[in-house]
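Asker: Any chance you could fold what I've pasted below:
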Amino acid sequence: MTTDLSGARAGDRGYSPDFLGLQIAPPTIGAALQDDTVRLDGSEVIPYTHFSLALSKSRRFARWVAWNIDGGTLKKISRNGIPFIKDARIPAEFQSGDELYSGNRLDRGHLARRADLVWGPLPEAKSANIDSFFFTNITPQMDDFNQSSKEGVWGRLEDAVFADVEVQDLKVSAFGGPVFHDDDRVYRETRLPREYWKVLAYVEQGEFKSHAFLLTQNLNPFEAIDFDEFRAFQISTAELEERTQLQFAADLRTADAFTAPSISGDREPLNSVADIQW
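Answerer: A predicted model of the protein is given here:
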């Protein structure tokens, strides 16, 4: 049975910049990338229930997604019967849909996790559940990376915050997206991102904190890939800005206390959530 999509896309309830009690704006796209950014009603920010995003025309994926997580009101809602669909508000030519994912090992991977979005009053949580399945929030990920049993550290970052940190009011603001490279592998006329990033922000004992992470995903060879080829790293917000050509809110940069090794070759991947510098 297919879920009724009427009422989906509650656009006035997108990412909230003041969710944590201070203004944390979503990432800013530089002038050089503005012409490649989809605009909805004149704005590069496209809102959904509990999250917003900016979409690249040429890559047909989000450059960034920003979402709020209210851990105190999370709901358990089934995903059964909800289809992945393109957003009718946006020209289909700027979205990658089923034509990319059918007949191969590519999974439809959520950028803003569905489980993070289903909070608040039940009607609102249900709307967020549906909205999370729009292709604008999806990127291609190899099936053995995206399956929950193999997500490793990357798939547990948000859960680890609530488990290891005294998060004030159980509220987290998160940002994530792919890193676009000109030499990303082309498949079905689409360049597949091989790296992803994520930033988690929260308040602990009155102190605002922020942490940035990078996932390197090797999509070559296409038919044979092992979990060992995925590596998650904690990085600085400054480095993330260089990699993504995005500018993050000044408070995120200031609150990020991560210190990277002086020699890049000494950098170690995150083997468990215990390796994270909270």
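Asker: tell me the contacts of A66?
Answerer: Contacts for A66 (CB atoms under 8 Å, 6 or more residues apart in numbering) come out as 15, 26-27, 51-53, 173-175. For the C-beta atoms, the positions are set from N, CA and C on the backbone; glycine is no exception.
Asker: let's see it at 7 Å
Answerer: 15, 26, 51-52, 175 (CB atoms under 7 Å, 6 or more residues apart in numbering).
Asker: partners of the host helix or strand of W197 in the sheet?
Answerer: Of the helices and strands defined by DSSP states H and E, W197 is found in strand 195-204. The strands beside strand 195-204 in its sheet (DSSP bridges) come out as strand 167-179 (antiparallel), strand 207-216 (antiparallel).
Asker: what's the spatially closest residue to A92 that is not a sequence neighbour sitting at in phi/psi?
Answerer: Nearest residue to A92 in three dimensions, chain neighbours excluded: K86, at 5.5 Å (CB to CB, 6 or more residues apart in numbering). Per-residue torsions, K86: phi -80, psi 150 (degrees, to the nearest 10).
Asker: ditto for G97
Answerer: Torsion angles, degrees, to the nearest 10, at G97: phi -120, psi -150.
Asker: one step back: need the contacts of A66 in JSON lines with pLDDT, neighbour count and distance to Q277, can you?
Answerer: Below are the contacts of A66 laid out as JSON lines (pLDDT from 0 to 100; neighbours: other CB atoms under 10 Å; distance: CB to CB, whole Å):
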{"residue": "Y15", "pLDDT": "98", "neighbour count": "23", "distance to Q277": "25"}
{"residue": "P26", "pLDDT": "97", "neighbour count": "23", "distance to Q277": "24"}
{"residue": "F51", "pLDDT": "98", "neighbour count": "31", "distance to Q277": "26"}
{"residue": "S52", "pLDDT": "98", "neighbour count": "25", "distance to Q277": "28"}
{"residue": "F175", "pLDDT": "98", "neighbour count": "28", "distance to Q277": "18"}
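Asker: what's the following helix or strand after the lowest-mean-pLDDT helix or strand in the chain?
Answerer: The helix or strand of the chain with the lowest confidence, counting by mean pLDDT, DSSP states H and E, is helix 143-146 at a mean of 54. As assigned by DSSP H and E, the chain's next helix or strand after helix 143-146 is helix 157-164.
Asker: quick one: that next one to chain centroid distance?
Answerer: 16 Å (CA atoms, centre = their mean, to the nearest Å).
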